[in-house]
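Engineer: Predicted model, plus sequence, below.
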Amino acid sequence: MEKIDYKKELAALYRPSAKKVVTVDVPAFNFIMTDGQGDPGSKVFAAAVEALFSVSYTLKFMIKKGPRQLDYGVLPLEALWSADDPTAFTEGRKDEWCWSAMIMQPEFIDEELYAQAIAQVTKKKSLAALEKLRFESFTEGQAAQTLHLGPFSEEGPTVERVHQFIASEGRVLCGRHHEIYLSDIRKAAPAKWKTVIRQPYR
């Protein structure tokens, strides 16, 4: 059976170094996405994440058991963050945080397969967040990124490094703050959490 490690194949996007900030040009990828607002530690965010992974793993096993007989690793959780007032992040006003949680899908996953996966998950689980999911192409374009090691609460200096790098290149920030969560925070110690910090620019 053929196996694909997308995190390895897309290492430039999913395995950056923590030692430096680099530029990337992110092409269009298909994602399962959902939107919300508020504390990422809330039940609403947790329900969204559960729905995203439930459908993503269902798709993985549909492909593995289907005619293609292809095995691949489900990609990590990602999130786009924004707020009407940017100080909501620096001052910890989490109720004002707007997020789009998402998981990238392989190129052979289409809307028809996605709809089949939604139907399968709906039969097996009662997840209210399923109805808020969507299958969508997202193009990020030019961005700067690095790897943050440690808890989310200590991301500030890492984010600032990325912003300073963009400014030093004579560019300006655009788009939403992007994080990719490489660690299973249920198992890893906070000091070892790995998070890709990415910021689009123009």
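Structural biologist: Thanks, I have it. Numbering: from 1, shown residues only.

Engineer: Quick check: the residue in the chain sticking out farthest from the centre vs residue 106, distance?
Structural biologist: The centre of the chain is farthest from one residue, residue 67, which by C-alpha atoms, centre = their mean lies 28.6 Å away. As judged by C-beta to C-beta, to the nearest Å, residue 67 and residue 106 stand 15 Å apart. C-beta here means a position set from N, CA and C on the backbone, and glycine is covered the same way.

Engineer: One more: residue 35?
Structural biologist: 23 Å.

Engineer: Against residue 108, how distant is the residue farthest from the centre of the chain?
Structural biologist: 11 Å.

Engineer: Doesn't the residue farthest from the centre of the chain belong to a helix?
Structural biologist: No - under DSSP: H, G, I helix; E, B strand; the rest coil, residue 67 sits outside any helix and is assigned coil.

Engineer: who are the neighbours in contact with it?
Structural biologist: Applying C-beta atoms under 8 Å, 6 or more residues apart in numbering to residue 67 gives no contacts.

Engineer: what about the worst-scoring helix or strand of the chain on mean pLDDT, distance to the chain center?
Structural biologist: Scoring the helices and strands of the chain by mean pLDDT, DSSP states H and E places helix 87-90 at the bottom, with a mean of 84. Distance, stretch centre to chain centre, for helix 87-90: 21 Å (C-alpha atoms, centre = their mean, to the nearest Å).

Engineer: Apart from its chain neighbours, what residue comes closest to residue 38?
Structural biologist: In space, and not counting its chain neighbours, residue 38 is closest to residue 95: 5.5 Å by C-beta to C-beta, 6 or more residues apart in numbering.

Engineer: What are the boundaries of the helices in the protein?
Structural biologist: 6-9, 11-14, 43-65, 87-90, 111-124, 156-168 (DSSP state H).

Engineer: thinking again about what came up before, run through who's touching the least confident helix or strand of the chain.
Structural biologist: With contact meaning C-beta under 8 Å, 6+ apart, helix 87-90 is reached by 81, 83, 93, 94, 96, 97, 156, 177.

Engineer: Could you verify my assumption that residue 102 touches residue 34?
Structural biologist: Yes - here residue 102 lies in contact with residue 34, judged by C-beta atoms under 8 Å, at a distance of 7.4 Å.

Engineer: Between these two, which is the more surrounded one?
Structural biologist: Set residue 102 next to residue 34 and count neighbours by other C-beta atoms under 10 Å: residue 102 wins out with 26 against 22.

Engineer: Tell me who's in contact with that one.
Structural biologist: Contacts were defined as C-beta under 8 Å, 6+ apart; by that measure residue 102 touches 31, 32, 33, 34, 52, 77, 78, 79, 80, 138.

Engineer: hmm, back to that, which one of the contacts of helix 87-90 sits closest to residue 23?
Structural biologist: Each of these was scored against residue 23 by C-beta to C-beta, and residue 177 proved nearest at 16.3 Å.

Engineer: Could you list which residues are in contact with that closest one?
Structural biologist: 80, 81, 82, 89, 159, 197, 198, 199 are the contacts of residue 177 under C-beta under 8 Å, 6+ apart.
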